[in-house]
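Colleague: sequence first, then the predicted structure, then my questions.
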Amino acid sequence: MILTVTLNLALDVTYEVPRLVPHHSHRVNAVHARAGGKGINVARVLRRLGETAVVTGFAGGATGSAVRADLVEVIDALVPVAGETRRTVAVVSTADGDATVLNEPGPVVSPEEWAAFLTRYAQLLADADVVVLSGSLPPGLAGDAYAVLVRLAREHGVLSIVDTSGDPLRAAVAARPDLVKPNAVELFEVTGETDHLAAAGALRTAGAGAVAASLGGNGLLLSTVDGSWLARVPEPLRGNPTGAGDACVAALAAGLRRGEAWPDVLAEATAVSAAAVLAPVAGEIDVEARRGIRPTVHLEELSAAHTDS
């Protein structure tokens, strides 16, 4: 089983308007609401890949209930919180795709609620092979929250993947997760290195077992103790890139659970990420496209002297 942790999940609400015009009232053509958060997206893709996925994190209030009602494909192990689960609100112009997004901060988590979560988390780890820790932290939690969860996973013999940024990522790396997955911007922010391979090496030196870095159109970089590789698809795909990173994490988690060789894990993650670009919403992949893309993924083994900045 793969456990995904989303400490600051959300209800993603999208308003479609004919055209987005600042400082004007808008008539809404359609409203869409969907359970959101990186770990939830990861869990949904895991189900498409044939894996058993359990979702945990915090859920509170009417919004939290709406999120839970939408989790019909994955196993819900969310922990109650007194505050209201946040919403992310996107206003999208159907004329040109322009969008304005509002991200609420999320509920304030009390020390008692964090303690209750840790108890539930430890119980879930007993049946997990891999845990994915992803997304932002809600107000009230210390910056080392993911580090605490990584250490608990290690104590239970569970592999851990961390997908976050900034100080929470720095703290988590020091706790020695098995894999971290920053993008190019996050990689630079936490290391100060402009060379991607050197930056990945710096994170491994700091404690990460392996680093998978999303470099956008430049591909997916993987740095491990066994070697480093860069994976690319033959040509850029046009579509919705919103959920590509989460789909990548799902494939990485599945590969780790199956004990596959690193180059195979990287190639599969690249194909699944590309297939997510062709899907209409985050948390989905074009399964048929993934089958076609997988044999075309190009893998390049990198030397220590290679730079890709």
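Modeller: Structure received.

Colleague: tell me the pLDDT at the spatially closest residue to residue 110 that is not a sequence neighbour?
Modeller: The spatially closest residue to residue 110, leaving aside those adjacent along the chain, is residue 140, at 6.3 Å (Cβ to Cβ, 6 or more residues apart in numbering). (Each C-beta comes from the backbone N, C-alpha and C, glycine too.) pLDDT recorded at residue 140 is 93.

Colleague: go on, the one 10 residues further on?
Modeller: In this prediction, residue 150 carries a pLDDT score of 98.

Colleague: just say helix, strand or coil for it.
Modeller: Here residue 150 is helix, with the state taken from DSSP: H, G, I helix; E, B strand; the rest coil.

Colleague: residue 238 too?
Modeller: coil.

Colleague: please report how far it lies from residue 53.
Modeller: According to Cβ to Cβ, to the nearest Å, residue 238 and residue 53 sit 29 Å apart.

Colleague: out of those two, which sits in the busier spot?
Modeller: Neighbour count, other Cβ atoms under 10 Å: between residue 238 and residue 53, residue 53 has more, with 25 against 8.

Colleague: OK, contacts around that one?
Modeller: For residue 53, the contact set (Cβ atoms under 8 Å, 6 or more residues apart in numbering) comprises 1-4, 42-44, 46-47, 74-75.

Colleague: in terms of pLDDT, where does residue 164 sit?
Modeller: pLDDT, residue 164: 96.

Colleague: check contacts around it.
Modeller: Applying Cβ under 8 Å, 6+ apart, the residues near residue 164 are 133-137, 146, 172.

Colleague: check whether the spatially closest residue to residue 7 that is not a sequence neighbour sits in a helix, strand or coil.
Modeller: Leaving aside its sequence neighbours, residue 7 sits nearest to residue 57 (Cβ to Cβ, 6+ apart; 5.2 Å). Classification of residue 57 using three-state DSSP returns strand.

Colleague: next up, the contacts around residue 57.
Modeller: 5-9, 37, 39, 78-79.

Colleague: mind listing the strands for the stretch 201-309 of the chain?
Modeller: Along the stretch 201-309 of the chain, counting by DSSP state E, counting those that start in this stretch, strands occupy 211-214, 220-224, 227-232, 298-302.

Colleague: wait, what's in contact with residue 63?
Modeller: Residue 63 neighbours (Cβ under 8 Å, 6+ apart): 11, 84-87.

Colleague: tell me which element it falls in.
Modeller: Using DSSP states H and E, residue 63 falls within helix 61-69.

Colleague: so what are the sheet partners of the following helix or strand past that helix and their directions?
Modeller: Downstream of helix 61-69, the next assigned helix or strand under DSSP H and E is strand 75-76. Neighbouring strands of strand 75-76 in its sheet, by DSSP bridges, are strand 53-59 (parallel).

Colleague: average pLDDT for the partner strand?
Modeller: On average, strand 53-59 scores 97.

Colleague: what of stretch 249-268?
Modeller: Stretch 249-268 comes out at a mean pLDDT of 96.

Colleague: dump that stretch to CSV, restricted to CA.
Modeller: Extracted in CSV, the C-alpha atoms of stretch 249-268 (Å, rounded to 0.1, in the frame of the first residue of the first chain):
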residue,chain,number,x,y,z
VAL,A,249,5.5,11.5,-7.9
ALA,A,250,2.9,8.8,-8.2
ALA,A,251,5.0,6.9,-10.7
LEU,A,252,8.1,7.3,-8.6
ALA,A,253,6.3,5.9,-5.5
ALA,A,254,5.0,2.9,-7.5
GLY,A,255,8.5,2.2,-8.8
LEU,A,256,10.0,2.3,-5.3
ARG,A,257,7.3,0.0,-4.0
ARG,A,258,8.0,-2.5,-6.7
GLY,A,259,11.8,-2.3,-6.2
GLU,A,260,12.4,-1.4,-9.8
ALA,A,261,15.8,-0.3,-11.1
TRP,A,262,16.3,3.5,-11.1
PRO,A,263,16.5,4.0,-14.9
ASP,A,264,13.2,2.1,-15.2
VAL,A,265,11.6,4.2,-12.5
LEU,A,266,12.8,7.4,-14.2
ALA,A,267,11.5,6.4,-17.6
GLU,A,268,8.1,5.4,-16.3
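
Colleague: what's in contact with that stretch?
Modeller: 2, 38, 41-43, 45-46, 49, 51, 129-130, 132, 134, 159, 161, 163, 178-179, 181, 210, 212, 220, 222, 224, 226-227, 229, 231, 269, 271-273, 294, 297, 299.
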